[in-house]
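1. Sequence first, then the predicted structure, then my questions.
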There are 2 protein chains.
Amino acid sequence: MEHGEIQILRSIEEARSFTKERPLGLVPTMGYLHEGHISLVRRAREECATVIVSVFVNPLQFGSGEDFTRYPRDPERDTALAKEAGADAMFMPEAAELYPEGFATEVRVQTVEDVLEGAARPGHFAGVATVLVKLLNIVSPQRIYMGQKDAQQAFLVGRMIQDLNFPTRIVVCPTIRESDGLAMSSRNVYLTREERSAATIIPRALFAARDTGSTDPRVLEETVREAMAAEPLVALEYVFANDAATLEPVGSKTGEILLSLAARVGKTRLIDNILVKR
Amino acid sequence: MEHGEIQILRSIEEARSFTKERPLGLVPTMGYLHEGHISLVRRAREECATVIVSVFVNPLQFGSGEDFTRYPRDPERDTALAKEAGADAMFMPEAAELYPEGFATEVRVQTVEDVLEGAARPGHFAGVATVLVKLLNIVSPQRIYMGQKDAQQAFLVGRMIQDLNFPTRIVVCPTIRESDGLAMSSRNVYLTREERSAATIIPRALFAARDTGSTDPRVLEETVREAMAAEPLVALEYVFANDAATLEPVGSKTGEILLSLAARVGKTRLIDNILVKR
């Protein structure tokens, strides 16, 4: 496939017939692409004959009262950025294309959906798992690229791919951060200038915890709590140190710790995490 | 592929690498094959280049107190019968091959799972939907063959295939009956001679309802109830007349009615149904 051109696919049928060149890499996104997404597209470009980027703000994974309607959208800019990074096609379906009337099927990954973001956002991960099964069936990629920023989402998708025998490999890529440490997120656009500045406490708190050198989950969590308490504009929602390989509590077999948190900065809810070696 | 030989596949990898000749037809079964299953294999043989029969007594779709452990099994006879009917391969995995430790994903089809067999057997259809997603991903068939005898199961799988965008067509084949009308079922082997004779009230009651010429759901249901009340060895569990296209209550748009029932004959639970034109 000649690079430099990009195709816009809007129907399931177009997406199916496009996805013939193998290996095929899928980068699933909700659009409003930033450097984090772009790093996934570049990695896919290096490894795959064909790269398809999906842009779909999936209503199923938003709870009532969450930011579905105001979630930022800019499909033209997304297309230009993805093309620049080497994508061959954008899959940008309407919601009615993916969820026609009478849609009734739900995919859930038990236990994973009950902790961390799953506990904070009931139904969120069922929405994620369901749309991912659909995208995997429509696109049939050999590889799917996701970011470590959404660590639990990547964990859930990996588990689901394994459990349901999809012939797809998940590639989890590192979190991309702004120069002051804030993790790239489409939601950062919500922040006022003051909030944007205050939000840097999130990565600073995580790095401070890692810098203690401790691998005691309570020390890691408490270090984050104390650091964040110093910033009145940021309200910590949760912080947990879990076994990164299972998302279960840290135990004697834990090799790497996932230290993850959610926090409110004004009306904006942000998540971040780091891995701590043990 | 040369017919007359049949391959036994036990691992997911064997099944994946076998299923290359297209179109491919899958006949999913729990084994202990009877003429109903065989009719599916023959239909698949007529329509497909390659036919694979899966035999798997799926623990997920049995409730506690149901007949999982005593469900009849005879893999050698199944293999001989499927070969005779033209199958190219049997996929006969162990439960640990499909559900390794840590398995946590569940597929559900809402609303469908709450009526008829779904209401009577909580969790049953989640087990069916989950194993079918796995089989579809492992075998990647263009066509899947299922029996009208399990009408709600076929409906659920059709809905799930559509909702999750599997590139697979479901082919629903007519119920095959014994000469006295009893629907073929692997569970018929449980019946004593006396129970086997009494069980013929099930199809007789269904046909009597259709023979009334009525399309009033209450008349159809009441006719079945009355006919079955005359047989003390058979206890009706439920009978419902639903819109066959939606499984919802019969309404002004209903084209065909699904008249379905479950009944206990001694310790054995049997289901049956007929379609009534409107």
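-> Right, received. Where do you want to start?
2. So for stretch A:188-199, first residue to last residue, what's the gap.
-> 9 Å (C-alpha to C-alpha, to the nearest Å).
3. Tell me the buried residues in it?
-> A:188, A:190-191, A:195-196, A:198-199 (16 or more other C-beta atoms under 10 Å in any protein chain shown). Using the backbone N, CA and C atoms, a C-beta is placed for each residue, glycine as well.
4. all strands of chain A, in order?
-> A:7-9, A:24-29, A:50-55, A:89-91, A:105-109, A:143-147, A:169-173, A:234-243, A:256-265, A:268-277 (DSSP state E).
5. Could you export those strands as TSV, including mean pLDDT, mean neighbour count and distance to residue B:258?
-> Shown next, in TSV, are the strands of chain A (pLDDT from 0 to 100; neighbours: other C-beta atoms under 10 Å in any protein chain shown; distance: least, C-beta to C-beta, whole Å):
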stretch	mean pLDDT	mean neighbour count	distance to residue B:258
strand A:7-9	84	16	38
strand A:24-29	97	27	38
strand A:50-55	96	26	38
strand A:89-91	95	25	37
strand A:105-109	98	23	20
strand A:143-147	98	23	39
strand A:169-173	98	17	41
strand A:234-243	98	19	48
strand A:256-265	98	21	47
strand A:268-277	98	19	46
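6. Now for the buried residues of stretch A:188-199: which two are most distant?
-> A:190 and A:198 (13.1 Å; C-beta to C-beta).
7. May I see the strands of chain A arranged in JSON lines, with distance to chain B as well?
-> Shown next, in JSON lines, are those (distance: least, C-beta to the nearest C-beta, whole Å):
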{"stretch": "strand A:7-9", "distance to chain B": "14"}
{"stretch": "strand A:24-29", "distance to chain B": "14"}
{"stretch": "strand A:50-55", "distance to chain B": "13"}
{"stretch": "strand A:89-91", "distance to chain B": "12"}
{"stretch": "strand A:105-109", "distance to chain B": "4"}
{"stretch": "strand A:143-147", "distance to chain B": "14"}
{"stretch": "strand A:169-173", "distance to chain B": "14"}
{"stretch": "strand A:234-243", "distance to chain B": "13"}
{"stretch": "strand A:256-265", "distance to chain B": "17"}
{"stretch": "strand A:268-277", "distance to chain B": "21"}
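8. residues from the stretch 51-200 of chain A in reach of chain B?
-> Contacts of the stretch 51-200 of chain A with chain B, taken as C-beta under 8 Å from any C-beta of the partner chain, map to A:102-112, A:129-130, A:133-134, A:137-138, A:159-160, A:163-167.
9. hang on, the earlier thing: please identify which of the strands of chain A is closest to residue B:15.
-> Among the strands of chain A, strand A:169-173 sits nearest to residue B:15 (C-beta to C-beta), with 18.7 Å.
10. Note down every partner strand of that closest one and its orientation.
-> If you go by DSSP bridges, strand A:169-173 pairs up with strand A:143-147 (parallel).
11. Strand A:24-29 and the partner strand, what's the angle between them?
-> Going by axes from the mean of the first three to the mean of the last three C-alpha atoms, to 10 degrees, strand A:143-147 is angled at 30 degrees with respect to strand A:24-29.
12. can you list contacts of strand A:143-147?
-> A:23-28, A:36-37, A:39-41, A:43-44, A:47-48, A:132, A:136, A:153-154, A:157, A:161, A:168-176 (C-beta atoms under 8 Å, 6 or more residues apart in numbering or on different chains).
13. same question, stretch A:235-242
-> A:115-116, A:119-120, A:217-218, A:220-221, A:224-225, A:228-229, A:248-250, A:257-265, A:269, A:276.
14. Over to stretch A:214-224?
-> Against stretch A:214-224 from outside (C-beta under 8 Å, 6+ apart): A:205-206, A:208-210, A:212, A:236, A:239-242, A:249-250, A:257, A:259, A:261, A:276-278.
15. Relative to the whole chain's centre, how far out is that stretch?
-> 24 Å (C-alpha atoms, centre = their mean, to the nearest Å).
16. how about it as PDB, C-alpha atoms only?
-> C-alpha atoms of stretch A:214-224 as PDB (Å, rounded to 0.1, in the frame of the first residue of the first chain):
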ATOM      1  CA  SER A 214       9.900   1.300  48.800                       C
ATOM      2  CA  THR A 215       7.800  -1.600  47.400                       C
ATOM      3  CA  ASP A 216       5.400  -1.700  50.300                       C
ATOM      4  CA  PRO A 217       2.000  -0.900  48.800                       C
ATOM      5  CA  ARG A 218       1.000   1.100  51.900                       C
ATOM      6  CA  VAL A 219       4.100   3.300  51.700                       C
ATOM      7  CA  LEU A 220       3.500   3.900  47.900                       C
ATOM      8  CA  GLU A 221      -0.100   4.700  48.400                       C
ATOM      9  CA  GLU A 222       0.500   6.900  51.400                       C
ATOM     10  CA  THR A 223       3.300   8.900  49.700                       C
ATOM     11  CA  VAL A 224       0.900   9.700  46.800                       C
END
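17. For that stretch, buried residues please.
-> Per 16+ other C-beta under 10 Å, stretch A:214-224 contains these buried residues: A:214-215, A:217, A:220-224.
18. Kindly report the same for stretch A:154-173.
-> The neighbour-count check on stretch A:154-173 (16+ other C-beta under 10 Å) flags A:154-166, A:168, A:170-173 as buried.
19. Where helices are concerned, which of those residues count?
-> A:154-163 (DSSP state H).
20. Chain B: which of those is nearest?
-> When those are ranked by distance to chain B (C-beta to the nearest C-beta), residue A:163 comes first, at 3.7 Å.
21. residues near residue A:13, how many?
-> 11 (other C-beta atoms under 10 Å in any protein chain shown).
22. Check the spacing between it and residue B:140 real quick.
-> Look at residue A:13 and residue B:140: by C-beta to C-beta, to the nearest Å, they are 18 Å apart.
23. What are the boundaries of the helices in chain A?
-> Going by DSSP H, chain A shows helices at A:12-18, A:35-47, A:75-84, A:95-98, A:117-120, A:124-139, A:151-163, A:193-198, A:201-211, A:217-229.
24. Can you name every helix or strand that the fifth one contacts?
-> Judged by 3 or more C-beta pairs under 8 Å, 6 or more residues apart in numbering or on different chains; DSSP states H and E, the packing partners of helix A:117-120 are helix A:124-139, helix A:151-163, strand A:234-243.
25. buried stuff in that helix?
-> A:117-118.
26. Could I get the average pLDDT for it?
-> Mean pLDDT, helix A:117-120: 96.
27. List the contacts of that helix.
-> With C-beta under 8 Å, 6+ apart, helix A:117-120 has contacts from A:112, A:124-125, A:152-153, A:237-238, A:262, A:271.
28. again, but for the fourth one
-> Here helix A:95-98 makes contact (C-beta under 8 Å, 6+ apart) with A:10-12, A:56, A:58-59, A:131, A:134.
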